[in-house]
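1. Got a predicted structure plus its sequence, pasted below:
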Amino acid sequence: MTELNFDASEIDTSAPHSARMYDFFLGGKDNYRVDWEAAEKIQVLMPQVKETARANREFMHRASRFLASHGVAQFLDVGTGIPTEPNLHQVVQAVIPGARVVYADNDPIVLRHAEALLAGAPEGRTAYAQADVKEPGKILSFARDYLDFDQPIALSVIALMPFILDEEDPYGLVAQLLEPMVAGSYLMLSHVTSEFDPAIWDRIDAIYRAGGTPVRARHREEILPFFDGLDLCDPGLTLVTQWRPDSDMRITEPVAVYAGVARKA
């Protein structure tokens, strides 16, 4: 188990935070008044935002279950966020009890809840790295202690890349994380799009920037390059509620998120 060194003083409650806002949209309790106020401003601009967050979460459940059912027993989840049950390890270990999951996030508030992320099935293994996606080498170095890089690994970057601006090379970061993974590994990715209502995104970005985390919505054509060199699984890059829908979905109407799963050949 990873040694966790949590310092509550690192959590800034004076400004809204993207992870706590997302937790609010999902109906969680790990958020503060400053987050509610910012989230409510987003909701005025984007009335479907709670449904969007839920649909995105449901995609993670379907995609990770799909990969586990196809024998993928190792997952690297970058940009974990505040735990919301079922977490990724709970989903995949229900299919493969011995599955291994490494979580990575740079947010102190996620570290505070990391014990929940480490409570996996007895047969499996979970670990948590406090690391930024902008430090792919650090993430991979940590992951090598827990995952077998001679076997397929699924890289999960769910709702993370909108918080990586173009000048920070989002495509290159994903490529660096995938590079050491063997053929048969997978990428599962979701990304908010501005295609539904382009006019609101400057104002949404301003709200997130006030908390120190700019956001960059992208068009489908800008999201597709994340999958360059990979083979997209059916049904390809689709709106998130259209990716292998099932009877467990609570949100079935289209929302402004694209999602896809792709295999490394």
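-> That came through fine. Numbers count the residues shown, from 1 in each chain.
2. Which parts of the stretch 51-200 of the chain are helices?
-> 88-95, 108-112, 114-117, 136-143, 170-178 (DSSP state H, counting those that start in this stretch).
3. Out of those helices, which one sits most buried?
-> When these are scored by mean count of other Cβ atoms under 10 Å, the highest mean neighbour count falls to helix 88-95 (a mean of 22). Every residue, glycine included, has its C-beta placed from N, CA and C.
4. still on that earlier bit, would you single out the least confident of the helices of the stretch 51-200 of the chain?
-> Note on the helices of the stretch 51-200 of the chain: helix 114-117 shows the lowest mean pLDDT, a mean of 70.
5. lowest-confidence helix or strand of the protein?
-> When the helices and strands of the chain are scored by mean pLDDT, DSSP states H and E, helix 114-117 comes last with a mean of 70.
6. before we move on, back to that, please tabulate the helices of the stretch 51-200 of the chain in JSON lines, including the columns distance to residue 44.
-> Shown next, in JSON lines, are those (distance: least, Cβ to Cβ, whole Å):
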{"stretch": "helix 88-95", "distance to residue 44": "31"}
{"stretch": "helix 108-112", "distance to residue 44": "25"}
{"stretch": "helix 114-117", "distance to residue 44": "32"}
{"stretch": "helix 136-143", "distance to residue 44": "36"}
{"stretch": "helix 170-178", "distance to residue 44": "28"}
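7. For residue 205, find the nearest of these.
-> Proximity to residue 205, assessed across the helices of the stretch 51-200 of the chain by Cβ to Cβ, is greatest for helix 170-178 (15.4 Å).
8. which residues sit against that closest one?
-> With Cβ atoms under 8 Å, 6 or more residues apart in numbering as the test, helix 170-178 has contacts from 76, 78, 133-134, 136-137, 139-140, 155, 157, 161, 164, 185, 187, 189, 225-226, 228-230, 264.
9. Just the buried residues from these, in ChimeraX please.
-> Buried members of the contacts of helix 170-178, defined by 16 or more other Cβ atoms under 10 Å, are picked up in ChimeraX with:
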select :76,78,133,136,139,140,155,157,161,164,185,187,189,226,230,264
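10. now, which of the contacts of helix 170-178 lie within strands?
-> If you go by DSSP state E, the contacts of helix 170-178 have 76, 78, 155, 157, 187, 189, 230, 264 in strands.
11. what's near enough to touch residue 110?
-> 19, 80-83.
12. likewise residue 64?
-> Contacts of residue 64 (Cβ under 8 Å, 6+ apart): 75, 88, 91-92, 154, 156, 188.
13. One more pass at 7 Å, please.
-> 75, 88, 91-92, 156, 188 (Cβ atoms under 7 Å, 6 or more residues apart in numbering).
14. mind listing the strands for the chain?
-> Using DSSP E, strands in the chain cover 74-78, 100-105, 125-130, 154-158, 186-192, 230-232, 238-239, 257-264.
15. For residue 30, which of the ones you listed is the nearest?
-> strand 100-105 (13.3 Å).
16. which residues sit against that closest one?
-> With contacts defined as Cβ under 7 Å, 6+ apart, strand 100-105 is touched by 73-81, 88-89, 92, 117, 120, 124-131, 139, 143, 146-147.
17. Count the residues that sit near residue 195.
-> By other Cβ atoms under 10 Å, 14 other residues sit near residue 195.
18. Please report the distance of the spatially closest residue to it that is not a sequence neighbour from residue 164.
-> With sequence-adjacent residues excluded and distances taken as Cβ to Cβ, 6 or more residues apart in numbering, residue 195 is closest to residue 219, at 5.7 Å. Shown here: residue 219 relative to residue 164, a distance of 16 Å by Cβ to Cβ, to the nearest Å.
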